[in-house]
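Enquirer: Please find the sequence and the predicted model below.
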Amino acid sequence: MNIPEFTAIKKTGRKLSMLTAYDFPTAQLVDQAGIDAILVGDSLGMVVQGKANTLPVTLEEMIYHTEIVRRAAQNALVIADLPFPGGHQSWVETLRDCSQIMKRTNCHGIKMETSFQQKEMVARLVDAGIPVLAHIGLLPQKIQMFGKYSIQRVQDELMRDALAVQEAGAFGVVLECVEREIAGEITQELEIPTIGIGSGAKCDGQILVLQDILGLSGRTPKHAKQYVDLHAAILGACEAYKKDVEEGVFPAK
């Protein structure tokens with residue numbers, strides 16, 4: 001999969017699938033399942049590091065995890081998150097950070113939390129040869145401003161943001177927690193694909209956190225679906241191993 005192929009899928013009507021991954025074995029499995037794109041999200045701050053939000057995640061941590069995932073993925077598009085403060089530095093600093101991610105990980109593109117205010121920034125990155133997956137709606141890097149994770153319903157602002165990043169050259173846009181009818185209207189208006197998370201079924205594709213669908217995140221968000229309970233399976237295996245060791249059953253000889 002490459003960026004033009006990913007973007008062109010919108011015209012076919014087929015829905016795009018995306019999942020997060022942060023390590024080699026899970027990225028291999030996601031890739032083997034035929035998922036279109038893998039996001040190495042700054043959600044690793046919560047999912048992998050056990051932190052309260054995404055804000056503490058560093059550029060070096062993103063590079064470390066993205067390089068691992070890129071080595072594992074043979075077919076899927078691999079996109080890396082630009083960590084906080086993202087595109088709110090000078091364009092020179094942002095270009096430096098994005099280029100470091102691209103050069104050191106060989107990923108296919110960068111996801112950046114955006115609004116119409118980042119239009120020039122996105123255009124500069126694209127002009128430099130860095131594919132940008134924009135992210136609008138609920139912005140986790142601004143959770144201290146939002147106060148809580150909630151549905152975004154201001155249609156004029158959301159449409160303005162989506163059109164701005166498209167005009168700037170973004171190859172797609174993530175719609176997070178956008179009211180479903182508004183997400184549908186944005187999807188219909190844009191020529192680039194929309195990838196929804198908590199934004200309803202009318203988007204061109206969907207993305208979820210892998211640990212949420214595997215039952216490993218402790219709780220399943222309202223927008224997600226748990227497909228298997230690996231928490232119980234792994235806990236049971238560990239408990240069985242402990243019992244076998246204590247009782248001298250393992251090793252057998």
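Expert: Cool, got the structure. Residues are numbered from 1 along each chain as shown.
Enquirer: going forward, measure contacts and count neighbours with C-alpha atoms only.
Expert: Fine.
Enquirer: Low-confidence stretches in the chain?
Expert: 146-148 (pLDDT under 70).
Enquirer: what about the helices in it?
Expert: 3-12, 24-32, 44-47, 59-72, 91-105, 119-127, 143-146, 155-168, 180-189, 210-214, 230-246 (DSSP state H).
Enquirer: Just put these in JSON lines and tack on distance to L82 and mean neighbour count.
Expert: As requested, the helices of the chain are exported to JSON lines (distance: least, Cα to Cα, whole Å; neighbours: other Cα atoms under 10 Å):
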{"stretch": "helix 3-12", "distance to L82": "18", "mean neighbour count": "14"}
{"stretch": "helix 24-32", "distance to L82": "19", "mean neighbour count": "18"}
{"stretch": "helix 44-47", "distance to L82": "12", "mean neighbour count": "19"}
{"stretch": "helix 59-72", "distance to L82": "7", "mean neighbour count": "21"}
{"stretch": "helix 91-105", "distance to L82": "7", "mean neighbour count": "17"}
{"stretch": "helix 119-127", "distance to L82": "12", "mean neighbour count": "20"}
{"stretch": "helix 143-146", "distance to L82": "16", "mean neighbour count": "11"}
{"stretch": "helix 155-168", "distance to L82": "16", "mean neighbour count": "19"}
{"stretch": "helix 180-189", "distance to L82": "23", "mean neighbour count": "19"}
{"stretch": "helix 210-214", "distance to L82": "19", "mean neighbour count": "20"}
{"stretch": "helix 230-246", "distance to L82": "29", "mean neighbour count": "12"}
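Enquirer: A224 is nearest to which of the ones you listed?
Expert: Of all the helices of the chain, helix 210-214 sits nearest to A224, with 6.7 Å by Cα to Cα.
Enquirer: who's in contact with the closest one?
Expert: Residues outside helix 210-214 that contact it (Cα atoms under 8 Å, 6 or more residues apart in numbering): 19-21, 47, 217, 219-221, 224-231.
Enquirer: would a markdown table of the helices of the chain with distance to C203 be doable?
Expert: Formatted as a markdown table, the helices of the chain follow (distance: least, Cα to Cα, whole Å):
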| stretch | distance to C203 |
| --- | --- |
| helix 3-12 | 10 |
| helix 24-32 | 21 |
| helix 44-47 | 24 |
| helix 59-72 | 26 |
| helix 91-105 | 27 |
| helix 119-127 | 22 |
| helix 143-146 | 23 |
| helix 155-168 | 13 |
| helix 180-189 | 6 |
| helix 210-214 | 19 |
| helix 230-246 | 28 |
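Enquirer: Show me the one of these that comes nearest S199.
Expert: It is, among these and with distance given as Cα to Cα, helix 180-189, at 4.9 Å.
Enquirer: Using PDB, write out the CA atom coordinates for that closest one.
Expert: Presented in PDB, the C-alpha positions along helix 180-189 are these (Å, rounded to 0.1, in the frame of the first residue of the first chain):
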ATOM      1  CA  ARG A 180     -22.200  11.300  12.900                       C
ATOM      2  CA  GLU A 181     -24.400  13.300  10.500                       C
ATOM      3  CA  ILE A 182     -21.800  16.100  10.400                       C
ATOM      4  CA  ALA A 183     -19.100  13.400   9.700                       C
ATOM      5  CA  GLY A 184     -21.300  12.100   6.900                       C
ATOM      6  CA  GLU A 185     -21.600  15.600   5.300                       C
ATOM      7  CA  ILE A 186     -17.800  16.200   5.600                       C
ATOM      8  CA  THR A 187     -17.200  12.800   4.000                       C
ATOM      9  CA  GLN A 188     -19.500  13.600   1.100                       C
ATOM     10  CA  GLU A 189     -17.900  17.000   0.600                       C
END
